[in-house]
Structures are given as C-alpha cells and as structure tokens.
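**Q** one predicted model, sequence on top.
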Amino acid sequence: MLLGDGEILLPKFIDQVLQVQHLPRVEQLPIFAQIEGVYVPSLYAPKYSCNGELIAIEGIHAGIPTSITKQTWKGNTLSYSKVITPDAVWQNIHMVEIVRSCPELCRFCLASYLTLPFRSPSLEDGLIPAVEKGLTATKRLGLLGASVTQHPQFFDLLHWLNHERFEDIRLSVSSVRASTVTSTMTKILSRRGCKSITMAIESGSEKMRSVVNKKLSEEEIFDSAQYAKEGGLTGLKLYGIVGLPMEEETDIEATVDLLLRLKRKISGLRFTLGVSTFVPKAHTPFQWCGVRPEAKDRLKVLTKKLKPNGIQIRPESYGGSVIQALLSRSDRRIAPVIALVRGSQNSLGSWKKAYREIREKNISNLNELTMSLPKLPSWEEVIHKNWDHSQVLPWAHLQGPLKKEILIQHQQQALNHHFESNQEK
Ligand code: SF4
C-alpha cells in the first residue's frame, strides 16, 4: 500500500519494482518497505494485552521502519484525466483537480485533514495547460477538489472560461464554499451549462457548525442561495450530516427550520438536502468518536419534516454508514468476518450476523505468522463507543499530516464550543 500522493510515490516505487523484479516476492517485500510511504502490512504484527486490547503494532523484522509516513507532493501540478471515454463513470468529461486538501479543517473531514497541506497550482503554469489539453478531446470539463472555490485564483479561472471560445463547453464544479458564491460566479456557471451548485452546510444549527469548525453564517447561506437564483441556476444542493459528536435534537430542528426558511424566502429555486450519518475518519480530530445510534431516527425526522414541504431529501443509508464504521474502525481481526460475509447480501444484517458468528465461535484468525489473534471486541465497542485518547488505534503505525496531540487539541476546541453554547442557553 502506497500512502500519500501518487506523483511522489509511484516513480520511486516503479523504479524499485524494476530493480527487484527478478527476486522472489518474499525478498521483494522488505525492500519495498524501505521506500518512504510504502506500507507492507504482512511485515507488521499487532500485539494485544491478555484482555484483547491492541497495545502495539510492530515491524516483524529488524530494519523495518517503525512507522510509515504519508508522502506529500509539493509540485505545481495536480492530476487531470489521462483517458477521456464514454465508458468512464463520468462519461467524456475531462476532470481537472484544481485544489488538494482544504484549509478549512472541519473536524470530521478526511478530505481536509488527511491530505494536508492545502495545495493549489498556479493558473498559468498548472491549471490552464491542464484544462487546454483535455478540451482538445471533449467539450465537457469538470473542476475537482474538496472545495474548489478555495483556489486563490478560482475567479480568474472562471473568467478565463467565460471567454467566447469556450461557448460550447459544459462545465461542472464539485462542491463550492457558500461564503465564496457571488452572482457573477453563478452567472458564468449557468452560461457554461451548470444547473445547480452544491454546498456543504453540515447542519442548520449555528452551534453545530461551530463544533465542527464550519465557518459559515446563516446570512452567507441565504446570500449564496439568492446569488444562485440571480445567476440563473435552478437548483441548490446542500449537504448535511447527522449524528455528529455533541449534536442534540434541537440541532436537527434547526436544520429543518433553516431549510424551510430558505425555501420560503428564495422561491423558484429547487432545494435538495443530501444527508449522511457521521462516520469517524482516521487522522481527523473526531477519529475517537463513535457512530451515534440516534442518527437513524434523525435521518427519518429530516425526511418526514422536509419532504412534504417540497424539499428533496436524499438520506444515505444508516446501515451503510455502520458498515463503513465497522471496516474503518476494526483491526486485523475483522478479516474472517469479511471472508464470511462474502457472497451474502451487502446489508447491515449480513454483517452483524457474520460478526456475531465469528465472535461467538471465537474463530481466531491465523495470520501469515500463524499467530492467533484474540476474540473480536463487542459490536458496541467497535461501532458506537467513544474511544479513549490513550487507546492504541489500529492505524497508530501510519503517520498522517498532523500529530495526535494536535488532533486532540482540535477535538477539545469542539468540546469548548459545545459547552459555551450550552452556557449561553
Ligand atoms: S469546507 Fe468542506 S472540504 Fe473543507 S474541511 Fe470543511 S467539509 Fe472538508
């Protein structure tokens, strides 16, 4: 597994492959493990305490790095489509990545935290040549990034694309930051074939937006909806999350209230709310927080209150989020569960059944060293429990951009916002 940006990892890795390809695999792997950012799982073994707690993950050979650091590309280019075809998932679209990571640091956000630092290639030497290249092959252009309007020259890029020679280009942009939306921006997007824009507001509750570090005021949300309408767009897609740490029922009510007020005030615009359940992501400040079972009902509340009032709502499956959490929070003991569930329906029920079966029978997984692993933790522990900072995480040997102490500080700031807001009440 190569941890980090392909631009920096792939050339080193491929060079090494070419040098050692004549050797047997067992001799190749320790050589690959010496390349910075290359993780060879079979060369690391977990250690457990007698009560089954993970206490360390260590290299099994002398000379294997004790931890693997994610590699970061710092050049003035990012990626763009190399093959444009009607057979792609996004048919015939030339995709250009215009930013990597996001400086906003919303505390749940993998796209920001795991890919830090924020990078944005310059227009002249990076983005314009990348866009021009693809437009010789297709008329459809997609600008990609965690939050594309964060690019310091995003508006210059839009103005450039507003030129007559791009008249027949159809442009799509991924999610934009509400506070950067203007009517000039929406006019250009509309002229280039965009029907709607997407903004992640996370929650209608001001308190929750502070807790997650979403620096977005209600006024900015209303303004951007107004600009979307003025620019000639027909829809506004909003993204939200339920089950966030410290979220209360009143925060869900605040989301309903905000959406209904938006719909009333900005008539004629189609509002859609995509909403998912919070799943903790490794290397973010909320990595220690569990999935909250209340999320299931909160998704239903949003659907029940918004749908009859003309707001399209697209809730993600709660069960799917629990499966995500199971896969991302488990350690190697999950392997026999994955094997058992294979071939059955991909439903939460199938995963739960397989988990219970392996756990009850205490079928221990035998890894390549024939070391038996202890019993699986309880379902509650792996999915819902908030983990202690002192706990060794299954990814403790993989170093992300920020140290654990910094992530803890960011989590503490979230708690402070929660307490301050409760005191104000
Ligand atoms: S603004 Fe969006 S991309 Fe940026 S950190 Fe927040 S959620 Fe992530």
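**A** Ah, there it is. Residues are numbered from 1 along each chain as shown.

**Q** please list the residues outside the lowest-mean-pLDDT helix or strand in the chain that contact it.
**A** Each helix and strand of the chain was given a mean pLDDT (mean pLDDT, DSSP states H and E); the minimum falls on helix 404-424 at a mean of 87. Here helix 404-424 makes contact (CB atoms under 8 Å, 6 or more residues apart in numbering) with 105, 107, 113, 207, 210-213, 245-246, 283-288, 389. (C-beta placed from N, C-alpha, C; glycine too.)

**Q** just the C-alpha atoms of it, please, in PDB.
**A** Output of helix 404-424 as PDB, limited to C-alpha atoms (Å, rounded to 0.1, in the frame of the first residue of the first chain):
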ATOM      1  CA  LYS A 404      -2.100  13.100  17.700                       C
ATOM      2  CA  GLU A 405      -1.600  16.000  20.200                       C
ATOM      3  CA  ILE A 406      -2.800  18.500  17.600                       C
ATOM      4  CA  LEU A 407      -5.800  16.400  16.700                       C
ATOM      5  CA  ILE A 408      -6.700  16.200  20.500                       C
ATOM      6  CA  GLN A 409      -6.400  20.000  20.800                       C
ATOM      7  CA  HIS A 410      -8.800  20.400  17.800                       C
ATOM      8  CA  GLN A 411     -11.300  17.900  19.400                       C
ATOM      9  CA  GLN A 412     -11.000  19.900  22.700                       C
ATOM     10  CA  GLN A 413     -11.900  23.100  20.800                       C
ATOM     11  CA  ALA A 414     -15.100  21.400  19.600                       C
ATOM     12  CA  LEU A 415     -16.000  20.500  23.100                       C
ATOM     13  CA  ASN A 416     -15.400  24.100  24.300                       C
ATOM     14  CA  HIS A 417     -17.800  25.400  21.600                       C
ATOM     15  CA  HIS A 418     -20.400  22.900  22.800                       C
ATOM     16  CA  PHE A 419     -20.100  23.900  26.400                       C
ATOM     17  CA  GLU A 420     -20.000  27.600  25.600                       C
ATOM     18  CA  SER A 421     -23.100  27.300  23.500                       C
ATOM     19  CA  ASN A 422     -24.900  25.400  26.300                       C
ATOM     20  CA  GLN A 423     -23.900  28.000  28.800                       C
ATOM     21  CA  GLU A 424     -25.400  30.800  26.600                       C
END
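
**Q** returning to that earlier point: among the contacts of helix 404-424, name the buried ones.
**A** Taking 16 or more other CB atoms under 10 Å as the criterion, what is buried in these is 105, 107, 113, 207, 210-213, 245-246, 283-288.

**Q** ok so, going back, restrict the contacts of helix 404-424 to contacts with the ligand.
**A** When contact is defined as CB under 6 Å from any ligand atom, these meet the ligand at Leu105.

**Q** of the contacts of helix 404-424, which belong to helices?
**A** 113, 207, 210-211 (DSSP state H).

**Q** thinking again about what came up before, next, the buried residues of the least confident helix or strand of the chain.
**A** 407, 410-411, 414, 417-418, 421.

**Q** ditto for stretch 66-84
**A** For stretch 66-84, by 16+ other CB under 10 Å, it's 68, 70-72, 77-78, 80-81, 84.

**Q** now render those residues as CSV, adding pLDDT, secondary structure and distance to the ligand.
**A** Formatted as CSV, these follow (pLDDT from 0 to 100; DSSP: H, G, I helix; E, B strand; the rest coil; distance: CB to the nearest ligand atom, whole Å):
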residue, pLDDT, secondary structure, distance to the ligand
Ile68, 97, strand, 24
Lys70, 97, coil, 17
Gln71, 97, strand, 21
Thr72, 96, coil, 17
Thr77, 89, coil, 21
Leu78, 94, coil, 15
Tyr80, 95, strand, 20
Ser81, 94, coil, 21
Ile84, 94, coil, 26
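
**Q** which helix or strand contains Leu258?
**A** helix 249-265 (DSSP states H and E).

**Q** that helix: which residues count as buried?
**A** For helix 249-265, by 16+ other CB under 10 Å, it's 251-252, 254-256, 258-260, 262-263.

**Q** what's the distance between stretch 313-326 and the middle of its chain?
**A** Centroid separation for stretch 313-326 versus its chain: 14 Å, with CA atoms, centre = their mean, to the nearest Å.

**Q** I meant to write stretch 103-123 there.
**A** 11 Å.

**Q** state the mean pLDDT of it.
**A** Stretch 103-123 shows a mean pLDDT of 95.

**Q** ok, stretch 187-207 next?
**A** 94.

**Q** which parts of the stretch 1-150 of the chain sit against the ligand?
**A** 102, 104-106, 109, 111-112, 146-147.

**Q** give me the residue from the stretch 201-350 of the chain nearest the ligand.
**A** Lys214 (6.1 Å; CB to the nearest ligand atom).

**Q** distance of that residue relative to Asn346?
**A** Noted for Lys214: a distance of 31 Å to Asn346, by CB to CB, to the nearest Å.

**Q** and the buried residues of stretch 66-84, which two are furthest apart?
**A** Largest separation among these by CB to CB: Ile68 and Ile84, giving 34.3 Å.

**Q** what about stretch 28-37, start to end distance?
**A** 16 Å (CA to CA, to the nearest Å).

**Q** tell me the mean pLDDT for that stretch?
**A** Rounded mean pLDDT across stretch 28-37 is 96.

**Q** re the thing from before, next SSE downstream of the helix holding Leu258?
**A** strand 270-277.

**Q** list the helices and strands whatever helix or strand comes next after that next one packs on?
**A** On the C-terminal side of strand 270-277, the closest following helix or strand by DSSP H and E is helix 294-306. Judged by 3 or more CB pairs under 8 Å, 6 or more residues apart in numbering; DSSP states H and E, helix 294-306 is in contact with strand 235-242, helix 249-265, strand 270-277, strand 312-315, helix 318-329.
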